[in-house]
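Student: Sequence and predicted model, in that order:
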Amino acid sequence: MINHILLATNGSEESQKAEDYALYLAKLSNAELTVLYVFDNRLIHYGQVDQLVTEKTKEQFISYVNEKNDSESNQILKHFSQKAENEGVFYSTCIRSGPPDKEIVAAVMENPVDLLVLGGGKQSGKGIMPSSGTVGKLLKKCPCPVFVAG
């Protein structure tokens, strides 16, 4: 029985397929749905490494990256919200920052999640092949079942 679904989305085409599946499954099973967006903040430290960049330039870079992330996450969650409203599915949101695979696993560990739904993987004649990136890492690390929409 599925009581709680965690949907990890980044707004990509594959993630949008995962969003549709998570909405369908949440509606079908009357499950709690949490939508997770993870901001990969590893790029933000770029400005802290470059010794030739002034402190003001570093601050501007970090501010720019944070503003871009806020705008992107708001746009992705707004798009999802419209789909959820059309389906009559209630959900909660969670935004985290860090390496996506680690943050997704942490979110699963902090909540009683029965299923993780995410987009990704490469299509092949035999179905979806997990990539060596985030999807592949999650398939190895995640303590709950994972559904990968492709």
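Tutor: Now that the structure is in, tell me what you want to look at. As the structure is a prediction and not an experimental result, all values here were calculated from the model. Numbering: from 1, shown residues only.
Student: Please give me every residue in contact with Glu14.
Tutor: 119-121, 149-150 (C-beta atoms under 8 Å, 6 or more residues apart in numbering). Any C-beta I mention is one placed from the backbone N, CA and C, and that applies to glycine too.
Student: And the strands in this structure?
Tutor: For the chain, the strands defined by DSSP state E cover 4-8, 32-39, 92-97, 115-119, 122-124, 127-129, 146-149.
Student: Could you name the stretch from those strands that's closest to Phe80?
Tutor: Between Phe80 and the strands of the chain, the tightest spacing by C-beta to C-beta is seen for strand 32-39, at 5.9 Å.
Student: tell me the angle that closest one makes with strand 4-8.
Tutor: Relative orientation of strand 32-39 versus strand 4-8 (axes from the mean of the first three to the mean of the last three C-alpha atoms, to 10 degrees): 20 degrees.
Student: how about the strands of the chain in CSV, adding mean pLDDT, distance to Gln75 and mean neighbour count?
Tutor: What follows is the strands of the chain, written out as CSV (pLDDT from 0 to 100; distance: least, C-beta to C-beta, whole Å; neighbours: other C-beta atoms under 10 Å):
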stretch, mean pLDDT, distance to Gln75, mean neighbour count
strand 4-8, 96, 16, 24
strand 32-39, 94, 10, 22
strand 92-97, 92, 13, 15
strand 115-119, 94, 16, 25
strand 122-124, 45, 26, 10
strand 127-129, 39, 26, 13
strand 146-149, 91, 20, 20
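Student: Between those strands, which one is closest to Val135.
Tutor: Comparing the strands of the chain against Val135 with C-beta to C-beta, the closest turns out to be strand 146-149 (5.8 Å).
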